[in-house]
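Peer 1: give me a model of this one.
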Amino acid sequence: QVQLVESGGGLVQPGGSLRLSCEATKITLEYYAIGWFRQAPGKEREGVSCISTSDDDTRYEESVKGRFTISRDNSKNTVYLQMHSLKPEDTALYYCAVDWGCSYYSTAPSNFRYWGQGTQVTVSS
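Peer 2: Modelled structure (predicted):
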């Protein structure tokens, strides 16, 4: 069955960096747009970033622009989210999921499929 597995989360101090990975089985990520999402306790799930199938369309939620970078390595069937200058408000459970495009990653995350278990990112001193 199709499975996405997120990893790379952890505890980091404010200003620190982490790189999240989204690895897939039974699905070739190259043919899909991949979104990264996060959900903090008591808050709704929100779209953080998305990369299109051709990689020419990358999108970022306003608060992470200039700090986060999404990329993919098709040879490893993996999508990454490099996060720099982390802030306490970045603390959340981070997920990846797939869709045919990035048009609705911020307005309709439920369009995305194959959600993994997530990886916890905690930014705290």
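Peer 1: give the contact list for Pro14.
Peer 2: 86-88, 123-125 (CB atoms under 8 Å, 6 or more residues apart in numbering). (Each C-beta comes from the backbone N, C-alpha and C, glycine too.)
Peer 1: write the ChimeraX selection for whichever of those residues are buried.
Peer 2: Burial among the contacts of Pro14 is assessed by 16 or more other CB atoms under 10 Å; the matching ChimeraX selection reads:
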select :86,123
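Peer 1: tell me where this protein has strands.
Peer 2: Listed in chain order, the strands of the chain (DSSP state E) span residues 3-7, 10-12, 18-25, 33-39, 46-51, 58-60, 68-73, 78-83, 92-99, 119-123.
Peer 1: need those strands in TSV (columns: distance to Pro109 and mean pLDDT).
Peer 2: Below are the strands of the chain laid out as TSV (distance: least, CB to CB, whole Å; pLDDT from 0 to 100):
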stretch	distance to Pro109	mean pLDDT
strand 3-7	14	96
strand 10-12	24	98
strand 18-25	15	97
strand 33-39	5	96
strand 46-51	6	96
strand 58-60	13	95
strand 68-73	15	96
strand 78-83	15	97
strand 92-99	7	96
strand 119-123	17	98
